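1. would you be able to build a 3D model of this:
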Amino acid sequence: MKGLRYIPLLMAAICGCGSPSGSRAEATSPAAQAPEQAAAVTAARPASAFDADSAMTFLRRQVAAGPRVPGSAAHKATGDYLSAELRRLGADTVIEQHVEVTAWNGDRLPLRNILGRFAPESRGKRILLVAHWDSRPWADEEPSEKLRQKPIEGANDGASGVAVLLEIARQLGLERASEPVDILLIDGEDYGAPEGKGGDETTWCLGTQAWILSGMPYDFATQPRYAILLDMVGGRDARFHREVISDYMAPEVVDMAWNRAKRLGLGDRFVNERGGTVVDDHLFLNRAGIPAIDIIESANPSTASFNPTWHTHDDTADNIDPDTIKAVGTLIQSIVYDR
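-> Okay, here's the model as predicted:
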């Protein structure tokens, strides 16, 4: 996912979601502390806590198909599974966008964006939950040069966020939230230009760019109140800092999420300081007018950036931390049910 890019909107070097132009996400300075809010978080509506074991089952099912590179058999099989699973779990409507795009290297990619909608007719305070389901076609951070051209499993980089959202969908199928929820499983995030290939930020997040151009089912009155993107949310002992673009473009949403995490007892996982600047799907959602934040590990102590498995063949289910999945899922479930 990611690499340093220059984006005039921010007048800063930006660490991209798929490629590194410095190699990895740029670890930055401490952020201002978000103000405490007096209101306590009420108990989530579902009778049970977020089920990390169920989420891990969703994760392993994706990884078992093989690398989800657009155009591959594993990609098609996984897309079929995700679409059917959202229906099975209780989404009222599942909308698919099929589009062919051209990647930075000339590859023609068949992309499939999958939107599961809960209470689609509601005019309530809709939120949009997002994760990408494709995986990186090259292991460009792999130490072994012989292995760099082989696709990765993408257990953390892709499957982890989708797994959390499928478990949220399962909960919503059992008991609806008081306000509507959309779950967007986005394609083509991780096909961006590797370091040194000359691509800009638009080589990443191809599915989100296509969805914004011709796939969003919203008008001004029904546009989501905000969006939360989950990306690389399963790393061992992961800590989630306030990602810089999120903090710049949707600070109120970051404040809401990080303050809630603290009140849920998750302040050690959700560090109220700035981490890296990441080009990811949330950048394009913000540009489209939907306030969006990225929950992503971007200040790992051993790399000053992403998880050490990023874009390597170590990005496997064996290196996923169920406790990290549970922490992220607990926060998202609380937000969904207690807005």
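
2. quick one, phi psi at residue 69?
-> With angles defined as degrees, to the nearest 10, residue 69 shows backbone torsions of phi -90, psi 130.

3. please report the distance of residue 102 from residue 287.
-> Here the criterion is C-beta to C-beta, to the nearest Å. By it, residue 102 lies 20 Å from residue 287. Any C-beta I mention is one placed from the backbone N, CA and C, and that applies to glycine too.

4. compare these two and say which is more crowded by neighbours.
-> Neighbours of residue 102 and residue 287, each counted by other C-beta atoms under 10 Å, are more numerous for residue 287; the result is 14 against 10.

5. and the helix or strand residue 333 falls within, what does it pack onto?
-> Under DSSP states H and E, the secondary-structure element containing residue 333 is helix 322-337. Packing partners of helix 322-337 (3 or more C-beta pairs under 8 Å, 6 or more residues apart in numbering; DSSP states H and E): helix 52-64, strand 127-132, helix 160-174, strand 226-231, helix 251-263.

6. save these as JSON lines, and put in mean pLDDT and distance to residue 317 too.
-> What follows is these, written out as JSON lines (pLDDT from 0 to 100; distance: least, C-beta to C-beta, whole Å):
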{"stretch": "helix 52-64", "mean pLDDT": "98", "distance to residue 317": "5"}
{"stretch": "strand 127-132", "mean pLDDT": "98", "distance to residue 317": "16"}
{"stretch": "helix 160-174", "mean pLDDT": "97", "distance to residue 317": "10"}
{"stretch": "strand 226-231", "mean pLDDT": "98", "distance to residue 317": "17"}
{"stretch": "helix 251-263", "mean pLDDT": "98", "distance to residue 317": "25"}
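
7. how about low-confidence regions in this structure?
-> Applying pLDDT under 70 to the chain flags residues 1-47.

8. what residues sit buried inside the helix holding residue 333?
-> Taking 16 or more other C-beta atoms under 10 Å as the basis for neighbour counts, the residues of helix 322-337 that come out buried are 324-337.

9. also stretch 135-154?
-> Neighbour counts using 16+ other C-beta under 10 Å place 135-142, 148, 151-154 of stretch 135-154 among the buried residues.

10. so which of those residues are in strands?
-> In strands, defined here by DSSP state E, there are no members of these.

11. spell out the secondary structure type for residue 88.
-> Here residue 88 is helix, with the state taken from DSSP: H, G, I helix; E, B strand; the rest coil.

12. count the residues that sit near it.
-> Neighbouring residues of residue 88 were enumerated by other C-beta under 10 Å; the total is 12.

13. need the distance between the two termini of stretch 268-283.
-> Terminal residues of stretch 268-283 lie 26 Å apart, using C-alpha to C-alpha, to the nearest Å.

14. now stretch 156-165
-> Using C-alpha to C-alpha, the end-to-end distance of stretch 156-165 comes to 14 Å.

15. quick one on the thing from earlier: kindly calculate the angle that the helix holding residue 333 makes with strand 127-132.
-> An angle of 150 degrees separates the directions of helix 322-337 and strand 127-132 when computed by axes from the mean of the first three to the mean of the last three C-alpha atoms, to 10 degrees.

16. distance from the chain centre to helix 322-337, please.
-> Averaged C-alpha coordinates place helix 322-337 at 13 Å from its chain's average position (C-alpha atoms, centre = their mean, to the nearest Å).

17. got the CA positions of it in PDB?
-> Included here for helix 322-337 are C-alpha records, laid out as PDB according to Å, rounded to 0.1, in the frame of the first residue of the first chain:
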ATOM      1  CA  PRO A 322      -6.500 -11.600  16.600                       C
ATOM      2  CA  ASP A 323      -6.200  -9.100  19.500                       C
ATOM      3  CA  THR A 324      -5.500  -6.300  17.000                       C
ATOM      4  CA  ILE A 325      -8.500  -7.400  14.900                       C
ATOM      5  CA  LYS A 326     -10.600  -7.400  18.000                       C
ATOM      6  CA  ALA A 327      -9.500  -3.900  19.100                       C
ATOM      7  CA  VAL A 328     -10.400  -2.400  15.700                       C
ATOM      8  CA  GLY A 329     -13.600  -4.300  15.400                       C
ATOM      9  CA  THR A 330     -14.700  -3.300  18.900                       C
ATOM     10  CA  LEU A 331     -14.300   0.400  18.000                       C
ATOM     11  CA  ILE A 332     -16.100   0.100  14.700                       C
ATOM     12  CA  GLN A 333     -19.000  -1.900  16.200                       C
ATOM     13  CA  SER A 334     -19.300   0.700  18.900                       C
ATOM     14  CA  ILE A 335     -19.400   3.500  16.400                       C
ATOM     15  CA  VAL A 336     -22.000   1.700  14.200                       C
ATOM     16  CA  TYR A 337     -24.400   1.000  17.100                       C
END
